[in-house]
Each structure stands twice: as C-alpha cells, then as structure tokens.
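Colleague: Build me a model:
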Amino acid sequence: MVLKYNEVGKITLSEMTDVTDPCYNKDVWCRATVNTVPGTYKCLVKRGTNGYVSECVIFHEDYFEKYKSLDAWELIAEIGVDSGLAGFFNEKQDYTTEQWSEFCDRIDADEDGHSSKLYIWDGNSFFVAVEMDGGYDLYGLPSDKETEDGTTEAYFALRIHFGREVFDER
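Modeller: The predicted structure is shown next:
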C-alpha cells in the first residue's frame, strides 16, 4: 500500500501516545494508550468525497521514507468517538467538566456543533473531526524491537480508519 495522504503538519510524541476522542478520560474502555517510538511524527490525512477525514495517520519521520509503502499494519484496538473528534495525544490529560467546556470553546464548529477541521494542538496532539460517532479501528506499524515476552516494544506509525471507503483521489 503506497500512502496517498496529504501531510498537514507535525507533532512531537513521547513513549506513550493516547489515541482517543478527547472527551474520554484514562478510565474509559474505548480509549487506547500505545507505546510509540519517541520523536517527530508527520500528520497525514485522507479525505472522503464528503469532505470529512476518512483516515488519519501519524508516521515517525525517521521511518517514513523507508516504510511508507509497507503493508503490515496490525490491528491494535478499537477506539470510541462520542464528541465528533478523534486523534493522537501525547499523554493526554483528563479533563474536568469546566476544562472540557473550555476545550470545546476553542474548536470551530458550525451551528450543529460539527467541525470539518484538522487540529494540531500545542505541537503534541493531532486530531480531526469525524463524520459520525461510533467505534473505529486503530492500526499500527510495529518497530522491530520486542520486549522479553515477545510483544512489540513500540509503534512508529499509527492509523485510524473511520470506516468509509469513499475516497477522493484528486
């Protein structure tokens, strides 16, 4: 699979990346915390013909040229979306009700509360507006490093697929 995405920016991540709807706190089942290779990641999107993001990807820039056509994505988890937003967060904080309200006030939305924008937040979070709330698959490309029990030590790329195969290939 050759990546056919638009690069929209870069973020810096540490060893732990939260992949979630930003409204979820750490104790929610439909939020994933993934070991990632620390460093700078390219933020990539593919939009559907309806204008919404159909996939978003983060890819460690040191691995990008060598592995951008690799088709070894493995399913890591399913994440849930209730607020219409999903993405990648460098050790995302839990929000109080007031903090969540302030966060939402910073998001540009139409009169129905929907957004079709991409957000790179403080250089360490990348999230997108999602057409429909629901459960979405999270995939990763694992590094070749393994822990003592044989599990992947870290991922150098993560991808959320938003379940629609309607792509604009322009």
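Colleague: Just list the residues touching residue 5, thanks.
Modeller: Neighbouring residues of residue 5 by C-beta atoms under 8 Å, 6 or more residues apart in numbering: 44, 45, 46, 55, 57. The way it works is simple: take the backbone N, C-alpha and C, and place the C-beta from them, glycine included.
Colleague: Sort out for me which of those residues are in strands.
Modeller: 44, 45, 46, 55, 57 (DSSP state E).
Colleague: secondary structure element for the residue nearest the centre of the chain?
Modeller: The chain has residue 87 as the residue nearest its centroid, 3.3 Å off, counting by C-alpha atoms, centre = their mean. Here residue 87, judged by DSSP states H and E, is contained in strand 85-90.
Colleague: and residue 103, that one's in a helix?
Modeller: Yes - according to DSSP: H, G, I helix; E, B strand; the rest coil, residue 103 belongs to a helix.
Colleague: from what I can see it touches residue 93, true?
Modeller: No - if you go by C-beta atoms under 8 Å, residue 103 and residue 93 don't touch, sitting 10.0 Å apart.
Colleague: what about residue 53, how many neighbours?
Modeller: 24 (other C-beta atoms under 10 Å).
Colleague: Show the pLDDT at it.
Modeller: pLDDT, residue 53: 82.
Colleague: Report the contact partners of it.
Modeller: For residue 53, counting by C-beta under 8 Å, 6+ apart, the contacting residues are 45, 46, 47, 118, 128, 129, 130, 162.
Colleague: Can you tell me the closest non-neighbouring residue to residue 62?
Modeller: residue 39 (6.3 Å; C-beta to C-beta, 6 or more residues apart in numbering).
Colleague: Who are the contact partners of the one you found?
Modeller: 12, 13, 60, 61, 62.
Colleague: The second one and residue 53: what is the separation?
Modeller: Translated: residue 13. Applying C-beta to C-beta, to the nearest Å, the value for residue 13 to residue 53 is 19 Å.
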